[in-house]
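K.L.:
coords below, sequence missing:
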């Protein structure tokens, strides 16, 4: 199979049939006909299964995998992954309902995120899931619900450590952050928690996301484990959950290499015996979202117009940033780079050109590929944007200019 970012061939998780991209055993033309419209997202369950299997093969058996639903909350995707992983992590009441519709035990569902509303806290307590507390005030609100309802909520402390995940696409710890409780404040919180009608469950330490350097992840996991052991000595009950976060990235752009799992597995194999001895009742968790689903998804849109402006070719499609903000470069990129893109029904075409793929919106930001070498495309051709399984549709401004929503399908 050709390189993931070759502009002359498909992504390595997929194959071609003649000139057409194949996803889940169907060509993109077949998928478009079955769905009845474009644009659409298509997710390949076999890729998700392979990613989980790949992780299981290198991680210690004691490490549990949780799927972070925020990466892709499509119910069919969540149902599939719930059958493969050990737990689910949610960031809203709506995600919690999707999680509860699976066969996952509520004790294996956790709820993180700053600013949980009173209604969300009420729902989480009623459901019996683990609430990752993000502040002292949130802890007191949960305790008030416990007193009023007679329930004993399961709670964990989300810790904002004094270190960050270097080289990550998004840093979520270290320095002042809206996420979690600063590590130096956690001892006081634990002392207060001991006198509240709450069931202490453990710690959640999440430093950042989208990291492709194994040595950085190894360092963060070592520091997280050390911090958790220090805090556990002050906990009002045994630690039953230690969420070491995730941060595992996937390659999006030319020159990026897939994350090397072997060093991460080796590090966890060396860490686990000491952690198990110190925290004998704990479940040790890696929380992953993008890594499990990102490479499984393809966003497909159709060329509506082909126009040349001052010598430059523009392929105007029925897709765009309102459906796929990340691919437009407006979801965290400092310097815009192209996602891997190809003309999905002309993979073997010898006639090629440099073109920009744009959407139908009234803004120059509506750009899916900028001056990229592609097969020479015509009106009606299908454009495929790879690495689209995570933070795609639900991370996009769907209501912008009131165009129809794209379809989603799991194959």
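P.N.:
The structure has been received and is ready for your questions. If you're wondering where the values come from, they're calculated on a predicted model, not measured in any experiment.

K.L.:
which strand in this protein runs the most residues?
P.N.:
For the chain, the strand with the greatest residue count under DSSP state E is strand 297-309.

K.L.:
pLDDT (mean, whole number) over that one?
P.N.:
Computed over strand 297-309, the mean pLDDT rounds to 98.

K.L.:
chain center to the following helix or strand past that strand, what's the gap?
P.N.:
Downstream of strand 297-309, the first helix or strand assigned by DSSP states H and E is strand 312-317. Relative to its chain's centre, strand 312-317 lies at 30 Å (Cα atoms, centre = their mean, to the nearest Å).

K.L.:
Per-residue pLDDT of residue 4, please?
P.N.:
On the pLDDT scale, residue 4 gets 39.

K.L.:
And the one 3 residues further on, by the same measure?
P.N.:
At residue 7, the pLDDT value in this model is 46.

K.L.:
swap in residue 335?
P.N.:
Reported pLDDT for residue 335: 82.

K.L.:
What does it show for phi and psi?
P.N.:
Phi and psi for residue 335, reported as degrees, to the nearest 10, are phi -110, psi 120.

K.L.:
which SS state does the closest residue to residue 58 other than its chain neighbours fall under?
P.N.:
Using Cβ to Cβ, 6 or more residues apart in numbering and skipping the chain neighbours, the partner closest in space to residue 58 is residue 265 (3.6 Å). Any C-beta I mention is one placed from the backbone N, CA and C, and that applies to glycine too. With DSSP: H, G, I helix; E, B strand; the rest coil as the basis, residue 265 sits in helix.

K.L.:
Now do the contacts for residue 265.
P.N.:
Going by Cβ atoms under 8 Å, 6 or more residues apart in numbering, residue 265 touches 58, 59, 60.

K.L.:
What are the buried residues along the longest strand of the chain?
P.N.:
Buried residues in strand 297-309, counting neighbours by 16 or more other Cβ atoms under 10 Å, are found at 297, 298, 299, 300, 301, 302, 303, 306.

K.L.:
Repeat that for stretch 346-365.
P.N.:
Quick answer for stretch 346-365 (16+ other Cβ under 10 Å): 346, 347, 349, 355, 356, 357, 358, 359, 360, 361.

K.L.:
of all these, which comes closest to residue 217?
P.N.:
Closest approach to residue 217 among the buried residues of stretch 346-365 (Cβ to Cβ): residue 357, at 33.2 Å.

K.L.:
Pull the contacting residues for the closest one.
P.N.:
Applying Cβ under 8 Å, 6+ apart to residue 357 gives the contacts 315, 317, 341, 367, 368, 369, 372, 374, 383.
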